[in-house]
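Peer 1: okay, here's the prediction I keep looking at, along with the sequence it came from:
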Amino acid sequence: MRSIVVIIAITLGVFAGIFIMAFANGMVEERIKAIITTEISHIQIHRPGFKDNNDFSLRIDNANSIIPLIEKTKNVAAVSKRLVISSLAASAETNTGVKILGIIPEEQKNVSNLHTKIIDGKYFEGVEKNPVVIGQKLAEKLKVSVHKKIIITVQDIHTNIISGAFRVAGIYKTDNDLFDEANIFVRYDDLANLTGLKGTEAHEIAILLNKNENTDKVKEQLKNELPDLEVKDWMEISPEAGYLVSAMDQYMAVIIIIILLALCFGIINTMLMVVLERVHELGMLIAIGMSKLKVFGMVMLETVYLSVTGGIIGIASGFIICKHLEKVGLDLYFWKDVYSSFGYSSFIYPVVNLRLIVFTGIMVILMGIISAIYPAFKALKLNPAEATRAE
């Protein structure tokens, strides 16, 4: 019964560790996917210094001639130019600061899935003149709905402050409330006409790749081809995302080690009781000629066997359940608002990989060996004459 209890405890601990790590991996991967496919894309190109304060004057004047060059680059899936202006949006009720993005709707569809996030109205359809697409949080803040008018205030090429009236064509909702509240999308031509631009310029060129693994290679190639421009990948543009990626391995290791250390003390306590309850039997074995080294090895093997057995069951059950959830997902709808406020989806697909399984397996074996040392050393110290008289 004691052995079964130890195995169950180890199984639950290992399962919990794998599930927590798979859950965290799933959260991070979903966030990174949203950053790339909805908010940023893999790579962005700007004039040097533009990302510091979105200075209207820092434009790429020959954007139309640069885009064909980028499209010919290997592993590039889609390219789109944008105008980006930080300014004000106002309704009849209130106003707020926003980032205004002038996009070419059809091109934007290739680098962003924003058009799939529309929850009310349509993506630049249903409004003939100056349509705008805004986030649900911003719509609530401005107290507007589809077909309602908003006024955006911008700076033109002569540094004059001008305003334009736009009507809401669609309202989108992503998993990031901060993004929804801060970004509005208008047509490139409408914003160019309002600000007096010729139509060949861009503040930003967004690039989507066929695979995330090719980001560094394509970025370096574009840096060499466009030395006068600033080429940044999604980790540089969104530092918190880069931090998530770099820190995830450390988080995984720390959490697994904490769980296994807790199990380690439980195993030590259990095996120490095993040795103390078998003092008479162990003394008899030593008295009839079994070497203390063999007694030491016997206790060590029993502890390691129990740890490995529990570890294998825990790893197998964690892998099977996480693989199932990786396909069907885990909907934490009751925490949806909390997750959205931090930019995360409440629908999580836990991700378990071979590296996690191997790391956990190695840690379980080490835990078994470490846990066995003190109880086995206790057995090694037994005096045969005193041990055989113990009851």
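Peer 2: Received the coordinates, thanks.
Peer 1: which helix of this protein spans the most residues?
Peer 2: helix 239-277 (DSSP state H).
Peer 1: which strands or helices does it pack on?
Peer 2: Packed against helix 239-277, as judged by 3 or more Cβ pairs under 8 Å, 6 or more residues apart in numbering; DSSP states H and E, are the following elements: helix 2-34, helix 234-237, helix 292-328, helix 354-380. C-beta here means a position set from N, CA and C on the backbone, and glycine is covered the same way.
Peer 1: how about the last one: buried residues?
Peer 2: What it means is helix 354-380. 356, 359-361, 363-364, 367-368, 370-372, 374-376, 378-380 (16 or more other Cβ atoms under 10 Å).
Peer 1: now swap in the longest one and tell me
Peer 2: Neighbour-count burial for helix 292-328, with 16+ other Cβ under 10 Å as criterion, is recorded at 295-296, 299-300, 302-304, 306-315, 317-319, 321-322, 325-326.
Peer 1: which other helices and strands contact the following helix or strand past that helix?
Peer 2: Per DSSP states H and E, the first helix or strand lying C-terminal to helix 292-328 is strand 330-331. With contacts taken as 3+ Cβ pairs under 8 Å, 6+ apart, strand 330-331 sits against strand 347-348.
Peer 1: in its sheet, what does the strand it packs on sit against?
Peer 2: Sheet pairing of strand 347-348 (DSSP bridges) gives strand 330-331 (antiparallel).
Peer 1: not counting the partner strand itself, show me its contacts.
Peer 2: Strand 330-331 is contacted from outside by Phe23, Gly26, Ser346, Phe347, Ile348, Tyr349, Pro350, using Cβ atoms under 8 Å, 6 or more residues apart in numbering.
Peer 1: ok but Ile207 is inside a strand, no?
Peer 2: Yes - using DSSP: H, G, I helix; E, B strand; the rest coil, the assignment for Ile207 is a strand.
Peer 1: residue contacts, it?
Peer 2: So Ile207 contacts Ser41, His42, Ile43, Gln44, Ile45, Ile70, Val76, Ala78, Val79, Val111, Val218, Leu222 (Cβ under 8 Å, 6+ apart).
Peer 1: what of Lys99?
Peer 2: Asn54, Val84, Ile85, Ser86, Ala182, Asn183, Ile184.
Peer 1: among these, name the ones in strands.
Peer 2: Val84, Ile85, Ser86, Asn183, Ile184 (DSSP state E).
Peer 1: chain center to stretch 346-353, what's the gap?
Peer 2: Stretch 346-353 sits 10 Å away from the centroid of its parent chain (Cα atoms, centre = their mean, to the nearest Å).
Peer 1: same check, this time on stretch 199-212
Peer 2: Mean C-alpha position of stretch 199-212 versus that of the full chain (Cα atoms, centre = their mean) differs by 23 Å.
Peer 1: thank you, goodbye.
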